[in-house]
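**Student:** Quick one, what's the 3D model for this:
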Amino acid sequence: MTREISVYTLSVIASNVYSLADGYNEDKLNKSLQSEGYSVIKESVRGESFGILRMAVWRHSSNGNIVLAIKGTTLTEGTDLINDITLALGGTSSILAVQPTLATARDLINKYNVNLITGHSLGGYITEIIATNDNIPGIAFCAPGSNGPIVRLGGTERTGFHNINFEHDVLGNILPGIYTHVQWSIYISGGYHHSIDLMVDYFRPKPGITNLNVQSRSTSGLTGYYDPN
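**Tutor:** Reported below is the predicted structural model:
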């Protein structure tokens, strides 16, 4: 059974994981999630170390959903900058750069029986690699494509997994046509933004949109799907 979760909830979790840059704060990690039934598993928190992005796991109180979120780029953290630079350069360096984060994420997936995944920006890039190779549903927000001109790290298209980007986000849509996603992208029209908090704002009044129906609730276009509603 493919797990289902609202895109709004995933966007909140993808936003809250950024608070790990300031250390563990349970209130910040669970912000706006109490009413959704999700809380962070304290023991799952992984801090930034060389080559490894911050991440944590959230568990629903009753429905069985267990979500891994991977933090995106914080300009003051060296690991994030190193991964961003090697991603932009492509080649074998991009494979080496993501391996420690992938290994840590997969360890958490196995330890906590994770069945959903999310992340924003660089975290979304890692999310797509894991989701499409390991068949884990979820959403990557504002993420560059996982298949580059030299190295293709993405797997195959998976039911219940999508990437959602703002249409004119120059960071999330870096070198379109050169860095490509495994699946067709879903875009929010007109946006020049890269902010996960603006994704939260977009999906907050749309709680019925989930990872399973977001594509069908979008308008098909020549280069992807647009404006889920």
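**Student:** most centrally placed residue in the chain?
**Tutor:** Gly119 (2.1 Å; C-alpha atoms, centre = their mean).
**Student:** How far away from the center of its chain is the strand or helix carrying it?
**Tutor:** Assigned by DSSP states H and E, Gly119 belongs to strand 116-120. The chain centre lies 3 Å from the centre of strand 116-120; the measure is C-alpha atoms, centre = their mean, to the nearest Å.
**Student:** what's the answer for stretch 59-69, then?
**Tutor:** That offset, for stretch 59-69, works out to 16 Å (C-alpha atoms, centre = their mean).
**Student:** now do stretch 174-194
**Tutor:** 14 Å.
**Student:** I'd say Trp58 and Ala14 touch.
**Tutor:** No. Counting by C-beta atoms under 8 Å, Trp58 stays clear of Ala14, with 10.5 Å between them. The way it works is simple: take the backbone N, C-alpha and C, and place the C-beta from them, glycine included.
**Student:** overlap in contacts of these two?
**Tutor:** Shared contacts of Trp58 and Ala14 (C-beta atoms under 8 Å, 6 or more residues apart in numbering): Ala69.
**Student:** Give the next helix or strand downstream of the helix-or-strand element of the chain with minimal mean pLDDT.
**Tutor:** Lowest on mean pLDDT, DSSP states H and E among the helices and strands of the chain sits helix 78-89, with a mean of 49. With elements assigned by DSSP H and E, the helix or strand that comes after helix 78-89 is helix 92-112.
**Student:** Please identify the buried residues of that next one?
**Tutor:** Within helix 92-112, the residues that count as buried by 16 or more other C-beta atoms under 10 Å are 94, 97-98, 100-102, 104-105, 108-109, 112.
**Student:** Turn those into a markdown table, including pLDDT and distance to Gly172.
**Tutor:** Listed next are the buried residues of helix 92-112 as a markdown table, based on pLDDT from 0 to 100; distance: C-beta to C-beta, whole Å:
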| residue | pLDDT | distance to Gly172 |
| --- | --- | --- |
| Ser94 | 68 | 17 |
| Ala97 | 78 | 18 |
| Val98 | 85 | 17 |
| Pro100 | 90 | 23 |
| Thr101 | 91 | 18 |
| Leu102 | 94 | 20 |
| Thr104 | 96 | 23 |
| Ala105 | 98 | 20 |
| Leu108 | 98 | 24 |
| Ile109 | 98 | 24 |
| Tyr112 | 98 | 28 |
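**Student:** Quick one: those residues as TSV, columns for distance to Gly224 too.
**Tutor:** TSV is the format used below for these (distance: C-beta to C-beta, whole Å):
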residue	distance to Gly224
Ser94	23
Ala97	27
Val98	24
Pro100	31
Thr101	27
Leu102	26
Thr104	31
Ala105	26
Leu108	30
Ile109	28
Tyr112	32
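**Student:** For the protein, just list every one of the helices.
**Tutor:** Applying DSSP state H to the chain gives helices spanning 7-16, 26-29, 78-89, 92-112, 122-134, 196-203.
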